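Chemist: Structure for this input, please:
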Amino acid sequence: MSIITLSDAELAWGDLPLLDHAAMSLEAGERVGLIGRNGTGKSSLLQVIAGVEKLDAGEIRRADGLRRIYVEQEPFLPPAPTLRDSLVARGRLEEIADDRDKWTALARLDEYLQKLGVRAHLEPAAASGGEKKRAALALALSMKPDLLLLDEPTNHLDVDTILALEDILKSEYRNGRTLMVITHDRAFLDDVATRILELDRGVLRSYPGNFAAYEARKNDELAAEELQRARFDKFWAQEEVWIRKGIEARRTRNEGRVRRLEALRRERAARRERLGQISLSIDAGEKSGRIVAEAEGLTKSFGDRTIVRDLNFKLMRGDKLGLVGPNGAGKSTLIKLLLGTLAPDAGTVRLGTNLRIAYFDQLREQLDLSKTVAETISPGSEWVEIAGVRKHIMSYLGDFLFAPHRADVPVSNLSGGERNRLLLARLFALPANLLVLDEPTNDLDIDSLELLEETLENYPGTIILVSHDRRFLDDVVTQVLAPVNYASPDGRWMEFVGGYEDWVRQRPPLPQSTAPAAAERAAKPARPRPAREEKLRMSFKEARELEMLPGQIEALEAEQEALMQRMSAADYFKSDIAAQQADKARAEALPALIEAAYGRWEELAQKAERCAQQDSRQKTG
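Modeler: Next comes the predicted model:
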């Protein structure tokens, strides 16, 4: 049964159409993920459905008695002594006339505050963005609406809370209760969504299934769209050539053909081109030293809270390190310790040579809100230099989807997504061989996020990355540094090889004293998730590695053969003793290196074959 129906809907922001005669419906019991590029109008559509905004034209019909709750990106919490009191005021729970109903509502609120790990006694003014978001989610869930509308619910949440939210939504939003959510978290969409709704150039398109299923179908659609446009443009060009013959066209008196050309011109003028993509490139500059940072016995506490305890860790050139941990574990503090900007209580940090560091902070404190977009990138100049090539500031800003008229806009007027793109543009304008990225994915749309992933995978420098986006971590990092006791961090950190899923498989079990509910949530990532397994995929890094391995194997085998010939030469004994010892060590190491390379090549080749077979099954199915 449809609970929301949208037909011939029109909505514009200035002269930009957000909804262009769009249509959609929501069925009871669905969990719909709403996706689209930043600025396309996703939040506006959610507000229309919530009744906060109105359409410019068209119609929206809602089922009688439909109870809706809308949680915005940055929830407003009324002033109150505690977070719980603020939520009671926001939800008007004290106004419930029946005492039994009021007690039930308050008990449910306390239940969800506990499930989402909210410190209910905090003052709202002292709560972090993540704490406020969890509190607003707890209130919305406790009110048991027929339709729950969530705008970027995973922003500022740690992985544990995201997993807990996923469990709640999957268990409670079915059998008549409906969810509609805007998010860029692809793992969340894979686990929760039963349908994907894409807002693209004012039009709504529906795709059954989760995000992995959407990806497969979308790739086929884009290829078909390109082919159709190429055919249209070719036909239109032929008609334009015919009409330019002038007198010959009139002599034929083919008025129908002239009218058809006029219609083609109108159609082409009205055609809304696919939105541009960010163009990312990073100048890694000169290589840093082999060791980027080395910590020995590193310890740091604030009062009775230990952030880092006796950490021994070495970051090497080319490493892509992911810091994983719950909010408050001290990830940002650990970064400052490793970079030497914060003094430890004990232990030492030794930084490598020739380091050029670019730092992306999650609070975007590096941005001066009074400056314009252009001044932020290149103060006092109309040019930037990337990898030795000069580029005009307007062209460079265009790479990050800033139109020329936005160059003189103050930073204070930018949206969250625009500020993120601006900070990335500023960082990438300077050569850096160490990128430090603290929550870079917040407010980025999925297209931009995937392009950032690919850019970082191909970046030859060193990366320290803090993120709660599981798929982003899996696709980018080569190792993870995480608290030994994830559920209750005590300052001990441990390094794990691989990405997020590798960490889940390798991390120590939770202590027996951990509360059952917390243990169940924290252990959840270790269980196989059918939705994630549904789409086997080769990362850009793996595909690149598979492509390079045959050449690397050939080079190793050629080196081995040349080394054997040199060591077998009649006058080899006359060579330097140190060189002979080095040759001997290398000759002993090469067989293992060659065997390992062959093993890795076979592993990746088999995975590529499985991916191809899966894609073939999905297309034929």
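Chemist: Setting aside sequence neighbours, what's the nearest residue to Glu495?
Modeler: Using C-beta to C-beta, 6 or more residues apart in numbering and skipping residues adjacent in sequence, the residue nearest Glu495 is Leu481, 5.4 Å away. Where you see a C-beta, it was placed from the backbone N, CA and C, and this is true even at glycine.
Chemist: And that neighbour, its phi and psi?
Modeler: Leu481 adopts backbone torsions of phi -110, psi 120, taken as degrees, to the nearest 10.
Chemist: Pull the number of nearby residues for Gly499.
Modeler: Neighbour count of Gly499, defined by other C-beta atoms under 10 Å: 24.
Chemist: Now do the contacts for it.
Modeler: Counting by C-beta atoms under 8 Å, 6 or more residues apart in numbering, Gly499 makes contact with 322, 473-478, 480.
Chemist: what about 7 Å?
Modeler: The contact partners of Gly499, by C-beta atoms under 7 Å, 6 or more residues apart in numbering, come to 322, 473-474, 477, 480.
Chemist: So which of the residues you listed sit within helices?
Modeler: Judged by DSSP state H, the subset of the contacts of Gly499 located in helices is 473-474.
Chemist: where along the stretch 501-621 of the chain do the helices fall?
Modeler: Using DSSP state H, counting those that start in this stretch, the helices of the stretch 501-621 of the chain run over 516-523, 530-533, 540-568, 577-620.
Chemist: now the stretch 251-400 of the chain
Modeler: In the stretch 251-400 of the chain, the segments counted as helices under DSSP H, counting those that start in this stretch are 255-270, 331-339, 373-377, 393-399.
Chemist: among those helices, which gets the worst mean confidence?
Modeler: Comparing mean pLDDT across those, the weakest is helix 255-270, with a mean of 59.
Chemist: which residue packs closest to Leu18, ignoring adjacent ones?
Modeler: Spatial nearest neighbour of Leu18, excluding adjacent residues (C-beta to C-beta, 6+ apart): Gly41 at 2.9 Å.
Chemist: still on that earlier bit, wait, which of the helices of the stretch 501-621 of the chain is closest to Lys391?
Modeler: helix 540-568 (24.9 Å; C-beta to C-beta).
Chemist: what's the angle between that closest one and helix 577-620?
Modeler: 150 degrees (axes from the mean of the first three to the mean of the last three C-alpha atoms, to 10 degrees).
Chemist: Okay, buried residues for helix 540-568 please.
Modeler: 540-543, 546, 549, 553, 556, 560 (16 or more other C-beta atoms under 10 Å).
Chemist: Could you give the separation of that helix from the chain centroid?
Modeler: 35 Å (C-alpha atoms, centre = their mean, to the nearest Å).
Chemist: measure Ala482 to Ser381 for me?
Modeler: Per C-beta to C-beta, to the nearest Å, Ala482 is found 42 Å from Ser381.
Chemist: same question, Thr194
Modeler: Following C-beta to C-beta, the distance that separates Thr194 from Ser381 is 51 Å.
Chemist: Any regions of the stretch 201-350 of the chain where pLDDT drops low?
Modeler: 221-230, 232-233, 235-236, 238-281, 283 (pLDDT under 70).
Chemist: Which residue ranges of it form strands?
Modeler: Ranges of strands in the stretch 201-350 of the chain, per DSSP state E, counting those that start in this stretch, are 203-208, 291-302, 305-316, 320-323, 346-351.
Chemist: quick revisit: more neighbours: which of Thr194 and Ser381?
Modeler: Neighbours were tallied for Thr194 and for Ser381 using other C-beta under 10 Å; the higher tally belongs to Thr194 (17 against 12).
Chemist: For the more buried one, give me its contacts.
Modeler: 30-31.
Chemist: so how many other residues sit close to Ala582?
Modeler: Around Ala582 there are 11 residues (other C-beta under 10 Å).
Chemist: brain fart, Leu334
Modeler: As a burial measure, Leu334 scores 24 neighbours (other C-beta under 10 Å).
Chemist: does it really touch Leu321, like I thought?
Modeler: No: in this structure, Leu334 is not within contact of Leu321 by C-beta atoms under 7 Å, at 10.5 Å.
Chemist: follow-up on the earlier one: torsion angles phi and psi at the residue nearest to Leu18?
Modeler: The phi/psi pair for Gly41 (degrees, to the nearest 10) is phi 110, psi 20.
Chemist: just use 15 as the starting number from now, easier for me
Modeler: Yep, numbering from 15; the last one is Gly55 now.
Chemist: who's in contact with it?
Modeler: Gly55 touches 25, 32-33, 213, counting by C-beta under 7 Å, 6+ apart.
Chemist: give me the element Ala119 is part of.
Modeler: helix 113-129 (DSSP states H and E).
Chemist: nope, Leu479 is what I meant
Modeler: strand 476-480.
Chemist: List the contacts of that strand.
Modeler: By C-beta under 7 Å, 6+ apart, strand 476-480 touches 302, 306, 329, 331-337, 345-346, 349, 447-453, 470, 490-491.
Chemist: how far away is the closest residue in space to Met578 that isn't next to it in sequence from Ala593?
Modeler: Nearest non-adjacent residue to Met578, counting by C-beta to C-beta, 6+ apart: Ala601, 7.3 Å away. Using C-beta to C-beta, Ala601 is found at 12 Å from Ala593.
Chemist: More neighbours: these two, which one.
Modeler: Ala601 (15 against 11).
Chemist: roughly how far apart are that one and Ala583?
Modeler: 14 Å.
Chemist: My read is that the residue nearest to Glu509 contacts Trp507, right?
Modeler: Yes: under the criterion of C-beta under 7 Å, Leu495 makes contact with Trp507 at 5.6 Å.
Chemist: Those two: who's more crowded?
Modeler: Trp507 (25 against 22).
Chemist: so that one touches Asp324, yeah?
Modeler: No: using C-beta under 7 Å, Trp507 makes no contact with Asp324, being 9.5 Å away.
Chemist: Pro31 and Gly216 touch, don't they?
Modeler: Yes: judged on C-beta under 7 Å, Pro31 makes contact with Gly216 at a distance of 4.7 Å.
Chemist: buried ones in stretch 62-74?
Modeler: Buried, per 16+ other C-beta under 10 Å, within stretch 62-74: 62-64, 69, 72.
Chemist: any low-confidence regions in the stretch 365-514 of the chain?
Modeler: Using pLDDT under 70, the stretch 365-514 of the chain drops low at 376-380, 401.
Chemist: So Gly190, which state does it fall into?
Modeler: coil (DSSP: H, G, I helix; E, B strand; the rest coil).
Chemist: And what about Pro454, helix, strand or coil?
Modeler: Strictly by three-state DSSP, Pro454 counts as coil.
Chemist: Next up, the contacts around it.
Modeler: 374, 466.
Chemist: If we use 10 Å, what do you get?
Modeler: By C-beta atoms under 10 Å, 6 or more residues apart in numbering, Pro454 lies in contact with 374-376, 434, 437-438, 441, 463, 466, 470, 479-481, 483, 486.
Chemist: Now stretch 41-53 - C-alpha only, CSV.
Modeler: Extracted in CSV, the C-alpha atoms of stretch 41-53 (Å, rounded to 0.1, in the frame of the first residue of the first chain):
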residue,chain,number,x,y,z
GLU,A,41,5.2,1.6,0.0
ALA,A,42,4.5,0.5,3.6
GLY,A,43,7.3,-1.6,5.0
GLU,A,44,10.0,-0.3,2.6
ARG,A,45,13.5,0.9,3.6
VAL,A,46,14.4,3.4,0.8
GLY,A,47,17.9,4.9,0.4
LEU,A,48,17.8,8.3,-1.3
ILE,A,49,21.0,9.1,-3.2
GLY,A,50,22.2,11.7,-5.6
ARG,A,51,24.9,14.4,-6.1
ASN,A,52,25.3,17.2,-3.5
GLY,A,53,23.0,20.1,-4.4
